[in-house]
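A.B. asks: Structure for this input, please:
(one chain, ligands or ions: 1)
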Amino acid sequence: MSLNKKRGLLFIISGPAGSGKTTIINKLLDTGDFVFSVSATTREPRPGEVDGVDYFFVTKENFKDRIRRGEMLEYAQYVDNYYGTPRRAVEDLLNEGKDVLLDIEVQGALQVMQQMKEAVSVLILPPNSKELEKRLRSRGTESESVIKARLERAHLEFKYFLKYKYVVISKDNCVDEAADEIRAIKKAESLRSNINTDIRDNFFDSNQGGNNI
Ligand code: 5GP
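C.D. replies: Next up is the predicted model:
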């Protein structure tokens, strides 16, 4: 599909567990800067998580059926579970002009970057590895083995740093600052010339050949 101002922006946001990503994303959703693409997952809900809001919690069989039917824009296996983005919902929201936020890990992010060149990718990182481990442990929601697996996974993910267009550091107690940085990225992306060709059209008569430069 050609780029069109009416279409919303698609933001891919990744960050290792413990990066502070979820808190920052919640800020951006609370203020209505983005709408959230609800993913499907085979992992168990955590206390307080709601089906259809935080995730669609599905069985492995159901997840595999969705893949087979081509319903997933991307999917990945992450620490023993599947996670994926339902394609249709994202397309519908973008076509309605909504700015959509995907909170997805690196493998899925790479798949979306391949398929949707206009997607804007942002990697959220803590200031350093020590801080990452500290934050992951202080959540107290996962077992030691899951924490270890998530830390290993985080170190694998750092290798993909340069695949992301933007990087935002989530410093301690600076959620607002990180959210503001993402809003600034969104503002700049919304001003790109190639999604604002309607503005150019205001300055050229169709018979003047405004496309010749
Ligand atoms: P959690 O289990 O902590 O909710 O999520 C684990 C990881 O899965 C996070 O890095 C999160 O960004 C990622 N994730 C959540 N939904 C999706 C998805 O639809 N696709 C992919 N590839 N990753 C996802």
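A.B. asks: Skipping adjacent residues, who's closest to residue 124 in space?
C.D. replies: Nearest non-adjacent residue to residue 124, counting by C-beta to C-beta, 6 or more residues apart in numbering: residue 15, 3.4 Å away. C-beta coordinates here come from the backbone N, C-alpha and C atoms, glycine included.
A.B. asks: Distance check, the one you found against residue 119.
C.D. replies: Distance from residue 15 to residue 119, counting by C-beta to C-beta, to the nearest Å: 16 Å.
A.B. asks: Of the two, which one has the most company?
C.D. replies: Between residue 15 and residue 119, residue 15 has the larger neighbour count (other C-beta atoms under 10 Å), namely 26 against 17.
A.B. asks: who are the neighbours in contact with that one?
C.D. replies: For residue 15, the contact set (C-beta atoms under 8 Å, 6 or more residues apart in numbering) comprises 21, 123-125, 170.
A.B. asks: Start and end of stretch 127-145, how far apart?
C.D. replies: Using C-alpha to C-alpha, to the nearest Å, the span of stretch 127-145 from its first residue to its last is 24 Å.
A.B. asks: Which positions in this structure make contact with the ligand?
C.D. replies: Contacts of the chain with the ligand, taken as C-beta under 6 Å from any ligand atom, map to 17, 39, 43, 74, 76, 78, 83-85, 103-105, 107-108.
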